[in-house]
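Participant: Please find the sequence and the predicted model below.
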Amino acid sequence: MNATLDKTSFEPRLTAFVCNWCTYTGADLAGTSRLQMDANVRIVRLPCTGRIDPLFIVKAFERGADGVIVSGCHPADCHYTSGNYHARRRFAFFKELIEFLGLPEGRITFSWVSASEGQKWREVVNDATARVRALGPFSGYPGTELPAWPAAGAPAPNPAPGGGGER
Amino acid sequence: MRVGYYPGCSLHGTARELDESLRAVAPPLGLELVEVNDWSCCGATSAHATSHLLSVALPARNLALAEEQGHDQLLAPCAACYNRLASARHAVACDAALAETIEDVLGRPFPSTVAPRNLVEVLRARLDLLRERAVRPLTGLKVACYYGCLLVRPSEVCSFDDPEDPVSMEEVVTATGATPVAWRRRLDCCGGAFSVARTGSVVRLSRAILDDARSAGADAIAVACPMCHSNLDFRQKALVRRGEAELPVLYLSELVGLALGLDAETLGLGRHFVDTKALVERALASKPGPAAKPGPRPSAPAAAAKPASPAAAGTEAV
Amino acid sequence: MARIGVFVCHCGENIGRTVDCARVAGEIGKLPGVVHSVDYKYMCSDPGQALIKQAIAEKGLTGVVVSACSPHMHERTFRRAAGGAGLNPFLCEMANIREHCSWIHEDREAATDKAIDLARVIVEKVKRNVPLETIRIPVEKRALVIGGGIAGIQAALDLADGGAEVVLVEKEPSIGGHMSQLSETFPTLDCSQCILTPRMVEVYQHPRIRLMAYCEVDAVEGYIGNFKVTIRQKARSVDETKCNGCGACQKACVVKNVPSEFDERLGKRTAIYVPFPQAVPNIPVIDREHCAYFKGRARGMKKDACGKCKEACARGAIDFAQEDRFVTEKVGAIVVATGYELYSIGKDQPAAGLKGYGEYGYGTVPDVIDGLQFERLASASGPTAGKLLRPSDGKVPKKIVFLQCVGSRDPAKGIDYCSKVCCMYVAKHTMLYRHKVHDGEATVFYMDVRAAGKGYDEFTRRAVEEDGAVYVRGRVSRVYRDGDVVKVLGFDTLNGTPVEIDADMVVLATAMRPRKGIEKLAQTLSVSYDRHGFINEAHPKLRPVETNTAGVFVAGACQAPRDIPDSVAMASAAAAKVLGLFSNEMLEREPTVARVDAALCAGCFHCERVCPYGAVEHKEVRDRKGNLLKVVADVNPGVCQGCGTCQATCPSKSVELMGFTDEQIYAEVNALAL
Amino acid sequence: MKELRDLATKLLAEGTVNVVLGWEEGPRGVRPAFATDAAAAGRLVFDPRCTQNLVPYLSPRRTQVKKLGKAAVVVKGCDARAVAGLVRETQLAREDVVVIGVRCGGVIADPASPEPLSPATVADRCPGCNSREPKLADHTVGELPAAPPGESRRDVRIADLEARTADERWAFWQDELGRCVRCHACREACPMCFCERCVADKTQPQWVDSSPHPRGAFAWNVTRALHLAGRCVDCGECERACPVDIPLGLLNLKLARVASERFGYTATDDPAVPSPVGSFQKDDAQEFIL
């Protein structure tokens, strides 16, 4: 469970798409409570789970993420009243589709973490990391081996603000 | 409409008139009753007092049989049978573990697709036909509709009517041309199966029901349960006080049959302990109603005109 | 070329202990487009902020990344600092390397690696940030209050006293609501009318309140600060400008047997009427359904069937030809205070899923009445002039049975909530009864006695201890008429025995439900409501009088069952919220709102369907000749709250949420590439 | 056939419509017809070869068709769902189109094939079809033919895939989708793909790689299936249009089942029924969310 236990083991990289009001704040609370957790997750902050497009997840895998976490407000708690309900339907379709396509179970974790659930956020992070670590690197994702973008530490040079994607 | 028919033990015994009357009214009401092959006892009052599993498994078996024989609904005219069938179905629907056990016990799948129906429910669903074919409306007859305790309760199991203030029996009685009276004890217990074990209690309870119906001005009580009928009809001699008149107790199907112009014998009205003759004569004296027009059942006017003969209608119906 | 400045904060030891801040600054400094990257002990301190301002000025930064604590903590601080140095504040973002990194990891190397990643993600985002302008919306400093019960009256008065113009809309001919029907109020037993009527008059006379009685809200357009409300003025058939409320018309009216709504059908009124003598405004209304003149008209009679009121009116105020009129009002805020109605006890139910209590005989047994009817019987202004007489034969009831929770807390009947006020008013009823009929016996069937509130429990105790009410814990199975008495069959669950009472009268404490038609009003206002129709508050604890639609507030029993003190408190709270809103000349809003690219939008309007705020409007796209090319979505920035659900739903990504655009997120995901 | 031709002729003659979209005999089986006069109307046909869904021509983006004026369209039961879809998503006003429903006994999978309708040639969606007579129609013509022959293999194929392990499914789909050449014929044939600019053509940012390598192919097919989730009308055109025979219908069908099982929605030709996209129930199943 602990990333520091075995230095030689595979350290997965997980991208987390979280909503600003519940999970991001819950992760803040985990911080203020000094809850130690695996250091494998990188959070991308969004206003609401309603803003999370399955394309984000697809793109994260394309860019070499071994796992993805999606998290937001519990039903009925959405800061925007109903963004998470719409997101839930979208995720249901997406989850069933990728399962049908055979994407290994455990690569994607959906969760509701409220602003008061710092502890739950730690569990989500640690459990997801453990699952993905057990699955190993997601090299089976189509095209991950393609050298279409530079290696880590030197992301796509992107000259102008408001400029295009990679290339 | 084809309906699975589960007579239960009573309708082959003490409640033969319910069976007879129901089979007689079925054709004019467009019902085809198909008795479930190889049906067994529902467990009635005894099973659930001794074994929960048995009390679910016995009705489940009969529902499973009905399912296998291609029915989607099963008419159980006895209120106790209906209640057991519905309760068992409810129990299985609410408890996945029990559902598995039941399938093990039955040795056959129990998908629980067959809906149990009671006498009142089935008759109420045919009100349009009844109104149309009621050649001998029971105008002026005041009827106390007695539901008893098993027909509408518990509400989550028997959801066809309001558990505390039902109306379905009154609707059927109104369709026969008779007038339902307003009275209070229509949902009270008659003493049920304690008829033999604690006769005193039954007498006390049933007498209150009888008194209330009488004081409401009823000419007859309509029932939909063999047990209630037994307590109110067979025990009535013990219930009435000196000088009090007896009150005929009729199955709802018998009232419907009278309105349809069927004769008393076909309807089993001769099997009652409390004499129904006066009541029947009154019914027969009533003029043919507006519904008596040439319809799909040509024998009806004949039955109305010659009530004494074994009417063609009755013969045809059975 | 982007010129990004990165500032890595040590937060004293908070970050520095676990994260090698110098290494973070160094690594990030190597990124293309980053022209300045430093670390500092306390970025939020004055010298820290000065570093940012200085770098913006000296290096001509086009974006700032502060790698420090959570943006929830200091985003505002640093954006203000950036703004102070002349940079658009929305070109400044934070990377959270404290809560999300240094505080939750121990391994210095792993934590530093992660901090670099987090900073890089935000650098890539900021490269694609665009300057945004805070949205400013002018505020119309007038408020609309819907509902003229005690909540609406209180809100209107507080608002008007606070200097705001108020339009108070009431659908009945008079304001006053249910409170005006009550005899006395708990827990003080002061006379309801005595405390209410002065406030009603105050509303009428207030120079800043426009009272619109016998009116209904028909349509609402616009958004916070700028609503346009269409109000239907129902035809009174009486010219308000001429009538002086003398009452001659009512004396002259030939129709005298219309069941009075105000007296809960226990009394009668005329066809031209004011609901009650203290009505405000004191201007009558002709009830066209019962009026002889209008009935004659409806039957097609050429001659006027009646015209007594017109003859009697010295001022010529009667106007049979009056029609509904529509008035438009511009307001900046709306307070919904439409109140409640009682649950229907019988078979006919207003909504699917609700079931009645046919077994309680309401409607068939005349001496079975509901709580509001009891109030009218006990009221000095009521049909019996305050004498407690039962409806069937006018006798004084010697024995009254009160049933609590009729409808409430009974999921089988479709209402699972507690109506909150019944325990208290039943206790009050038993006391009023004993005060009027000294030898009367009051029996109460209850499930629990819920008397939480100042002086409330003492009040119910008083009913029992001083006024001798008998409380029986249990439910009643049947109520029916038996000769002269009303038979009550129940069960005492503490004794475990059946109870049978021969009562003279039975009072049912029925559940409170929101007013009929509230769903339609809520849809008009685009506020959400629960499955019972009660208006949803924005947050059950922290935003109790706001709704999910900015600028629309809620007060009183239309939000949940409320008693008078609660309703008044909510109304004052709503008024305070509105006055707070009105204290600004312009509303400032975060510019994180969605924008539609009309050229790309195909007009499928999925965005409209998912928008929680109704911010998506239809816009026509025309060519130069004015031919309609297509109808596309358009986001009203005043209404949009920036959740971005529209963008994720839009199949062609023709709508962009500013501040969280696809390009920004794409860049963030990309920056995490191995 | 005569009924159809007479109706089309009448609609054109009365001026009710300017063009009737139907099918006519072509050099290689039937082909879409845009009948603007009586002669063309007299050539219209309907038989089991009329597999193609004509509703995509009603998309407001098809300006050439739009220029012809007000249209009537001949639809099978399945095609009528596409009309409903366009109406539901405000691409088409109901009153702007005259819908001529044809009663259908199934169509053949490959309309260019000379084989008659048989269990071997029937389109996979036809057996067991329960919308052989469109409800969303202004006119309905023809007698209801016998039910489509044969049995659908779709359910079996989905069950077969679901029975496999995730790895096996992954391998299967990587193989199938790996053939994708990104021609986007599936999109062009689809009545519900009516965007002004497909997200796959978006370049800033480029969510879906444009090249036909496995990464772009996977992203595209995931996106296509998701964008049709709860919207697909099951007309089978995408799969028929695919030049490399990817079983796209299986993906659509799988998600249609999800829509039905989770959200109680089945594709219908009633435009008033809201699609599961843009609506929600507070108690939607969420067993997959921790």
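Facilitator: Looks like it came in fine. Residues are numbered from 1 along each chain as shown, chains lettered A, B, ... in the order given.
Participant: Any idea how many residues pack against the residue nearest to C:Arg409 when sequence neighbours are not counted?
Facilitator: Nearest residue to C:Arg409 in three dimensions, chain neighbours excluded: C:Cys418, at 5.5 Å (CB to CB, 6 or more residues apart in numbering or on different chains). Where you see a C-beta, it was placed from the backbone N, CA and C, and this is true even at glycine. Neighbour count of C:Cys418, defined by other CB atoms under 10 Å in any protein chain shown: 18.
Participant: Equivalent analysis for the one 5 residues further on, please.
Facilitator: The number of residues packed around C:Cys423, counting by other CB under 10 Å, is 27.
Participant: Which helix or which strand is home to it?
Facilitator: C:Cys423 belongs to helix C:422-436 when assigned by DSSP states H and E.
Participant: Buried residues, that helix. List them.
Facilitator: Buried residues in helix C:422-436, counted by 16 or more other CB atoms under 10 Å in any protein chain shown: C:422-434, C:436.
Participant: can you pull out the strands in the stretch 51-200 of chain D?
Facilitator: Ranges of strands in the stretch 51-200 of chain D, per DSSP state E, counting those that start in this stretch, are D:71-75, D:97-102, D:139-141.
Participant: what does the stretch 101-250 of chain B give?
Facilitator: Counting by DSSP E, counting those that start in this stretch, the strands of the stretch 101-250 of chain B are B:115-117, B:142-145, B:179-180, B:220-223, B:249-251.
Participant: Next: chain A.
Facilitator: A:14-19, A:41-46, A:67-72, A:108-112 (DSSP state E).
Participant: From the contact counts, what lies against the helix or strand harbouring B:Arg23?
Facilitator: For B:Arg23, the host element (DSSP H and E) is helix B:16-25. In terms of contacts (3 or more CB pairs under 8 Å, 6 or more residues apart in numbering or on different chains; DSSP states H and E), helix B:16-25 is packed against helix B:8-11, strand B:249-251, helix B:252-259, helix B:312-317.
Participant: Adjacent strands (with direction) for the second one?
Facilitator: In its sheet, strand B:249-251 lies beside strand B:220-223 (parallel), with partners assigned from DSSP bridges.
Participant: Could you give the average pLDDT over the partner strand?
Facilitator: In this model, strand B:220-223 has a mean pLDDT of 96.
Participant: Alpha carbons only: can I get that strand in PDB?
Facilitator: Provided in PDB are the C-alpha atoms of strand B:220-223 (Å, rounded to 0.1, in the frame of the first residue of the first chain):
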ATOM      1  CA  ALA B 220     -78.200  -9.300   3.100                       C
ATOM      2  CA  ILE B 221     -74.500  -9.500   3.700                       C
ATOM      3  CA  ALA B 222     -72.200 -10.000   0.700                       C
ATOM      4  CA  VAL B 223     -68.900 -11.900   1.400                       C
END
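Participant: in terms of contact, does C:Tyr273 touch C:Ile283 like I think?
Facilitator: No: the pair C:Tyr273 / C:Ile283 is not scored as a contact, 10.7 Å apart, by CB atoms under 8 Å.
Participant: Those two: which is more packed in?
Facilitator: The neighbour count for C:Tyr273 versus C:Ile283, taken as other CB under 10 Å, is higher for C:Tyr273 (25 against 21).
Participant: Tell me who's in contact with that one.
Facilitator: Counting by CB atoms under 8 Å, 6 or more residues apart in numbering or on different chains, C:Tyr273 touches C:Pro173, C:Gln250, C:Cys253, C:Val258, C:Ser260, C:Pro284, C:Val285, C:Asp287.
Participant: give me the residue from chain C nearest chain B.
Facilitator: Across chain C, the shortest distance to chain B (CB to the nearest CB) belongs to C:Gly358, at 2.8 Å.
Participant: My read is that that residue contacts B:Asp165, right?
Facilitator: Yes: the criterion here is CB under 8 Å, and C:Gly358 meets it with B:Asp165 at 2.8 Å.
Participant: Give me the PyMOL select line for the contacts of C:Tyr273, limited to the buried ones.
Facilitator: Applying 16+ other CB under 10 Å to those, the buried members can be selected in PyMOL as follows:
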select buried, chain C and resi 173+250+253+258+260+284+285+287
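Participant: So the residue lying closest to D:Phe46 once chain neighbours are set aside versus C:Val274, what's the distance?
Facilitator: Nearest residue to D:Phe46, sequence neighbours excluded (CB to CB, 6+ apart): D:Val102, at 4.9 Å. According to CB to CB, to the nearest Å, D:Val102 stands 66 Å off from C:Val274.
Participant: residues in contact with the residue in chain D positioned nearest to chain C?
Facilitator: Nearest residue of chain D to chain C: D:Gly278, at 2.9 Å (CB to the nearest CB). D:Gly278 makes contact with A:His86, C:His606, C:Glu608, C:Arg609, C:Val610, C:Thr649 under the criterion CB under 8 Å, 6+ apart.
Participant: 7 Å instead, please
Facilitator: C:His606, C:Arg609, C:Val610 (CB atoms under 7 Å, 6 or more residues apart in numbering or on different chains).
Participant: Same question for C:Glu75.
Facilitator: For C:Glu75, the contacting residues are C:Met94, by CB under 7 Å, 6+ apart.
Participant: how much space between it and C:Lys125?
Facilitator: From C:Glu75 to C:Lys125 the distance is 13 Å (CB to CB).
Participant: and residue 89, how many residues sit next to it?
Facilitator: Defaulting to chain A. By the criterion of other CB under 10 Å, A:Arg89 has 25 neighbours.
Participant: Can you look at chain B instead?
Facilitator: B:Arg89: 22 neighbours (other CB under 10 Å).
Participant: and D:Gly29, how many neighbours?
Facilitator: By other CB under 10 Å, 17 other residues sit near D:Gly29.
Participant: residue of chain B with the smallest distance to chain C?
Facilitator: Here the residue of chain B nearest chain C is B:Asp165; by CB to the nearest CB that distance is 2.8 Å.
Participant: In this structure that residue contacts C:Tyr360, no?
Facilitator: No: contact criterion CB atoms under 7 Å: B:Asp165 and C:Tyr360 do not qualify, at 8.5 Å.
Participant: between these two, who's got more neighbours?
Facilitator: Taking neighbours as other CB under 10 Å, B:Asp165 and C:Tyr360 compare with C:Tyr360 leading, 25 against 19.
Participant: Quick check: buried residues in stretch C:179-188?
Facilitator: For stretch C:179-188, burial by neighbour count (16+ other CB under 10 Å) applies to C:Met179, C:Ser180, C:Gln181, C:Leu182, C:Ser183, C:Glu184, C:Thr185, C:Phe186, C:Pro187.
Participant: so what's the fifth one scoring on pLDDT?
Facilitator: C:Ser183 carries a pLDDT score of 94 in this model.
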